[in-house]
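S.K.: Need a 3D model of the sequence below.
(4 chains)
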Number of protein chains: 4
Amino acid sequence: MSVPDAGRPDPAVVRAPSARSGPDASTTVPRLRAGVLGATGAVGQRFVQLLADHPWFQLTALAASERSAGKCYAEAVSWRLDIPMPPAVRDLPVQPAEPGLECDIVFSALDAAVAGPVEEAFASAGYPVLSNARNHRMAEDVPLLVPEVNADHAALIAVQRKRRGWKGFIVTNPNCSTATLALALAPLERRFGLKAVAVTTLQAVSGAGYPGVPSLDILGNVVPFIAGEEEKIESETRKILGRRSGDAIAIHPMIVSAQTTRVPVVDGHTASVFVSLEKKAGLDDVREALRTFTGPPQQLGLPSAPAHPTVLLDEPDRPQPRLDLNVERGMATLVGRLRPCQLLGWKFIVLGHNTIRGAAGAALLNAELLQAQGFLAD
Amino acid sequence: MSVPDAGRPDPAVVRAPSARSGPDASTTVPRLRAGVLGATGAVGQRFVQLLADHPWFQLTALAASERSAGKCYAEAVSWRLDIPMPPAVRDLPVQPAEPGLECDIVFSALDAAVAGPVEEAFASAGYPVLSNARNHRMAEDVPLLVPEVNADHAALIAVQRKRRGWKGFIVTNPNCSTATLALALAPLERRFGLKAVAVTTLQAVSGAGYPGVPSLDILGNVVPFIAGEEEKIESETRKILGRRSGDAIAIHPMIVSAQTTRVPVVDGHTASVFVSLEKKAGLDDVREALRTFTGPPQQLGLPSAPAHPTVLLDEPDRPQPRLDLNVERGMATLVGRLRPCQLLGWKFIVLGHNTIRGAAGAALLNAELLQAQGFLAD
Amino acid sequence: MSVPDAGRPDPAVVRAPSARSGPDASTTVPRLRAGVLGATGAVGQRFVQLLADHPWFQLTALAASERSAGKCYAEAVSWRLDIPMPPAVRDLPVQPAEPGLECDIVFSALDAAVAGPVEEAFASAGYPVLSNARNHRMAEDVPLLVPEVNADHAALIAVQRKRRGWKGFIVTNPNCSTATLALALAPLERRFGLKAVAVTTLQAVSGAGYPGVPSLDILGNVVPFIAGEEEKIESETRKILGRRSGDAIAIHPMIVSAQTTRVPVVDGHTASVFVSLEKKAGLDDVREALRTFTGPPQQLGLPSAPAHPTVLLDEPDRPQPRLDLNVERGMATLVGRLRPCQLLGWKFIVLGHNTIRGAAGAALLNAELLQAQGFLAD
Amino acid sequence: MSVPDAGRPDPAVVRAPSARSGPDASTTVPRLRAGVLGATGAVGQRFVQLLADHPWFQLTALAASERSAGKCYAEAVSWRLDIPMPPAVRDLPVQPAEPGLECDIVFSALDAAVAGPVEEAFASAGYPVLSNARNHRMAEDVPLLVPEVNADHAALIAVQRKRRGWKGFIVTNPNCSTATLALALAPLERRFGLKAVAVTTLQAVSGAGYPGVPSLDILGNVVPFIAGEEEKIESETRKILGRRSGDAIAIHPMIVSAQTTRVPVVDGHTASVFVSLEKKAGLDDVREALRTFTGPPQQLGLPSAPAHPTVLLDEPDRPQPRLDLNVERGMATLVGRLRPCQLLGWKFIVLGHNTIRGAAGAALLNAELLQAQGFLAD
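M.R.: Okay, here's the model as predicted:
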């Protein structure tokens, strides 16, 4: 990790766990101090919850908008998770989202309206920034990381630092529906190649934050539009699955076409996927590819890694948000109804937890990967 | 209309309104007496409601299962519509679903488990049967009728009667999601030709009847499976859009691939559609084709005909079940978010009222078409 | 009607229909010109819809916040009703909510945060103001009117004008849950006297306006708190049922205790009521009192009056929002499950349409009453 | 524990943990073998889940209806919980619900339509039966047990055995809404005495089992009726809070009046409570009584006991099903909005998890109490 400059006070001495040590061993080294930007929002709350007992990271700093700054967290936040607020954070002060926070790494749950310059300021001041915001995702020198899929894209960090003259850096995770989709597509890409994807999403209201979607708009209703979401799915998926060659990512040439809808579900983005593969494949081959898919998080034993990032369900009416979101603690993509499609070759349904694997959990897994790869601690 | 045989008592003398006369003129001729089979179920109730003040048909007979037979309608039914039960039907007796009902025409809202032989018995006994059940839809000699799209398929009635030796006949309407889809596809087929369709539905619970979907399955949830529904969409759509040549319908050669889901919506089936056309088309052409689409129901002024069977919405977040189902009294397909698709050419969202245009209203419009065409009265 | 002063341009000559003439006769006199303040909000939209074809009033002016002023209505509003926007209002300009509007009467759907001084300015400038806002409801000289219950409270108008020196005046209707409750209590008060009421409400989200309740708060949930609502029910009910003696209303001495909750329902406030009567009563007496209750709106044949302001349902599981809100076009209170209570004497369930009888429809019926009483036109 | 007779094969030798030992110590003694009757239903599934890792009981036998018998559990059940099925039960055979099951104790989740004679047969055959069914709850010699409230009612077991000549016995827990209510009332009864309660419930759909409430009845709706529920609340509450004197329970003389409604919530019964106390009390006294309430489960350290059976919430808008059901793992009653009531003295809102503390968890805590009291093992 780069030595933090003046904007970054007094970091703890931290050592990366060796890649082999696994989560248990890692508890013996000092934990990295973590901050959360946008800590009072829906995704921010999820970061706070997931960091509560993390073996590698210790939550030491919370930042939010001016309005909240100065209060303690319990006062500033309107806690919306169905898991009680971790007692340890109740009295943490909420600070302005500016460099100077007492931490070694920051997770950004900032709204896209403000995330751009704030994240850059932190990166410039020497902080590794793990961002859930959309602002830098498609920048050429910013990794859009899904650790099971494109861990090697982390190499862009060096490019980014050099080009921008930053001590720290920004690494992003995909938007919530792309995160779910990418984990279902990656095994197919790896084994058979991908030509085209037509996807229709049925997205939960928690994806829009809080207060987010008015109840009058969604009770007993479907809203067939989510601003900007289709563009994100169509572009981010192709960057994630793109090949890195040297310092650049070649956007994947497949066609991705999306329609997105909002449905009256609290958590869990479902998607109906039609997909066309490069190579011919039998049903058993495709099932096998999905079922056996793993990547660096599984091999490195990262603390938040699901045992199976892609879980294949055989029951005819699954996956379902109400029944399946807790599988792998919300860190897997669930695939069901896999079968041939007479038009594009294959069709299936995917489901993912939009605020865990689709947001805070994704950034956390990215941080764990970077820690294991040596990007965070010397 | 054929002379009813012994199984069919005492029909009123009815005359078809001339095709030109329109609904107003028709009120001066005696109305045909109509019966409803399966009158206590969800679709049956909708038939009862739609027939309450109909200018051409008069509801005179109600039939349901053994359990209900002998009671009056108000006792037998658990009324689930948000419109109060028409007073005139409260005291009508519920009879067994067997030929002998005092009526000139029957609407069948029977469950597929029993509809097959019962509808055949009525047709054999001389009744025109307008069926919403799936049982006979794909039979070669049974019209699967959407009056704006394939009014000429009614010519199969003669084939059917001859082949089966029936005095009456069976005419069917498509299943609820196909009904909505077909009205959006027909204008495109007519103008540009259709090559392929990939469709994902988000269907309302009323489509499963009553009691239907358990609340534990659907509250805050999506169920990505509806038994048999995808097969119906894939086959019925191609029959409806098929060309009649002589006594046969040539199934349309396009590919239709469907995934169907259930969402927590009471009424209104939404679908996300990706479509590939035969001919190149500009956005204005496609919009024009959808906006100006009409057919025989509009030209004949049928009482239940929507002024526009396909309504194009320009707002970016429409159509929505909660806001748009009352357009054209539930008899239109609403199309929104029409735009080019880089994969299949075009994509859009459709919405239709599943128990009106997708069920009872569809059968009623079929009956009106047949009356205007002279199939019902001498 | 008072002669409008300088702030009130060019009123049409209007004549009150004689109290006997009824709605049909009234169509031959010029209609009063009506304005709606707060026309773009949820209640404002309901006013616009209910005024679309009104026999006595003609919608001529729309006012809303600065943000909307200058646009035409179709541009300014995000229409949320499931009935299409009346074509005639699409192009009406939205003006600032200040005296000078071209109309003879104004309906106020303003938010309580701004309603106070704005409504006073209109009243002072000579306009009769029919307000749905809470600001003036409990003022000693302002009628809180439910025409079936306390039509004589309209006599406060003279007091108000004299005391305040206004040419116009303000008349209010109760808050949405009180409106429903008062119509169920009034028949009991009239016949048996009321001692105490304990009420628990289950209120719809449309009661909170738009955007109102965030979906994350209410999907699959109950929120046991609505700010200020219990106080309103406890005070307004006692004013409505209070006796007028001369220039003052004596607040009813009964005790009213309320708990209010929000439930995931779009329209329709349900309440569970326990009530203690002054006099002993048998079940048949109580049923009779509720079933036969009427008042001036019914006797005068006011256009928006329900035939039965209180509808008694005998089915064991009614009333229900999804099934019963359309009874009497949303203008009645539905009472069900009426039975003795071993603790307070009687218990039952009530349901009312919160944006019709509980808001816009209530103000409209008040205006009709005042017109019939001669308060609006000379 | 009584020596099982011929109908009861081969019990393991089990020793009761000493009352002081607590859950940790208990893991060193052999666990009692537990069976679940009605194991495939909604409450049965909850029993299976709660018993999966229980320190004192080991799930060894599953019974269900004829239809399921012979299948393994994974085949027979339609698992509806959002926690994955415990792997250990997947292959357990589902047997008929008849004595002879290999277990030392049975939990009954049977439907009331069949529970009566089946539970009696098991009790007669020597099994302790912990029943969630309503059938025997109000029998004079059957404990209706809430361990924090009336642990001494377990003394009825001896009366029951003697009177009926059974080797085993039946102990019941209250119905789901009563369970929640009783835990909120008991602290008030103990400290101030209770005179009267008026309660309105807002109950979740999971309380009606599976398939239970049709979605068409409850989506966006309130159903103001649950068959038999009000009678249960009114009678069970008074038995639970009744004093035991010798061999009999004196039903508590307070008046309880209930109205029950169903709302579109998956889990969690809310209730609005108005209560009249015998003694005068200040707000601080009442708060203190609720906050400090404990009983034998807490003193004995029973494995399923909540640290606080009654949790007092101070936020103005709590408790809420979506946010608060996981407090104390679903084993506590949450009380919020406590404040004086001008009519009955006090009012507040309660919430409880209907399938945990209101059903399976309640029976399990009863079993733990009986084990600690020495009723289960010799």
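
S.K.: so does stretch A:328-338 get close to chain B?
M.R.: Yes: counting by Cβ under 8 Å from any Cβ of the partner chain, chain B has neighbours in stretch A:328-338: A:336-337. To be clear about C-beta, it is placed using only N, CA and C from the backbone, and glycine gets the same treatment.

S.K.: Name the residues of that stretch that come out as buried.
M.R.: Residues of stretch A:328-338 classed as buried by neighbour count (16 or more other Cβ atoms under 10 Å in any protein chain shown): A:328, A:330-338.

S.K.: Pipe the residues you listed into JSON lines and attach distance to chain D per row.
M.R.: Below are the buried residues of stretch A:328-338 laid out as JSON lines (distance: Cβ to the nearest Cβ, whole Å):
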{"residue": "A:Glu328", "distance to chain D": "10"}
{"residue": "A:Gly330", "distance to chain D": "11"}
{"residue": "A:Met331", "distance to chain D": "14"}
{"residue": "A:Ala332", "distance to chain D": "12"}
{"residue": "A:Thr333", "distance to chain D": "16"}
{"residue": "A:Leu334", "distance to chain D": "12"}
{"residue": "A:Val335", "distance to chain D": "16"}
{"residue": "A:Gly336", "distance to chain D": "15"}
{"residue": "A:Arg337", "distance to chain D": "17"}
{"residue": "A:Leu338", "distance to chain D": "20"}
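
S.K.: any idea which of the residues you listed is closest to B:Gly70?
M.R.: Nearest to B:Gly70 among these is A:Arg337, at 44.4 Å by Cβ to Cβ.

S.K.: Name the single longest helix found in chain A.
M.R.: helix A:176-192 (DSSP state H).

S.K.: still on that earlier bit, export the buried residues of stretch A:328-338 to a markdown table and tack on secondary structure?
M.R.: Formatted as a markdown table, the buried residues of stretch A:328-338 follow (DSSP: H, G, I helix; E, B strand; the rest coil):
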| residue | secondary structure |
| --- | --- |
| A:Glu328 | helix |
| A:Gly330 | helix |
| A:Met331 | coil |
| A:Ala332 | coil |
| A:Thr333 | strand |
| A:Leu334 | strand |
| A:Val335 | strand |
| A:Gly336 | strand |
| A:Arg337 | strand |
| A:Leu338 | strand |
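
S.K.: Can you tell me the element the residue nearest to A:Arg339 when sequence neighbours are not counted falls in?
M.R.: Among residues not flanking A:Arg339 along the chain, A:Lys347 sits closest, at 6.4 Å (Cβ to Cβ, 6 or more residues apart in numbering or on different chains). In the assignment (DSSP states H and E), A:Lys347 maps to strand A:345-352.

S.K.: Now do that strand: everything it contacts.
M.R.: A:176-177, A:179-181, A:183-184, A:188, A:268-277, A:281, A:286, A:319-321, A:324-325, A:332-341, A:358, B:224, B:257, B:259, B:261 (Cβ atoms under 8 Å, 6 or more residues apart in numbering or on different chains).

S.K.: isn't A:Ala88 right next to A:Leu59, touching?
M.R.: Yes: A:Ala88 is in contact with A:Leu59 according to Cβ atoms under 8 Å; the separation is 7.5 Å.

S.K.: Now for those two: what residues contact both?
M.R.: In contact with both A:Ala88 and A:Leu59: A:Ala52, using Cβ under 8 Å, 6+ apart.

S.K.: Indicate the residue of chain A located nearest to chain D.
M.R.: A:Gly220 (4.3 Å; Cβ to the nearest Cβ).

S.K.: got a list of what A:Ile170 touches?
M.R.: Contact analysis of A:Ile170 by Cβ under 8 Å, 6+ apart lists A:119-120, A:123, A:129, A:131, A:136, A:142, A:160.

S.K.: Would you agree it falls within a helix?
M.R.: No: read with three-state DSSP, A:Ile170 is strand and lies in no helix.

S.K.: Do you know the pLDDT at it?
M.R.: For A:Ile170, the model assigns a pLDDT of 98.
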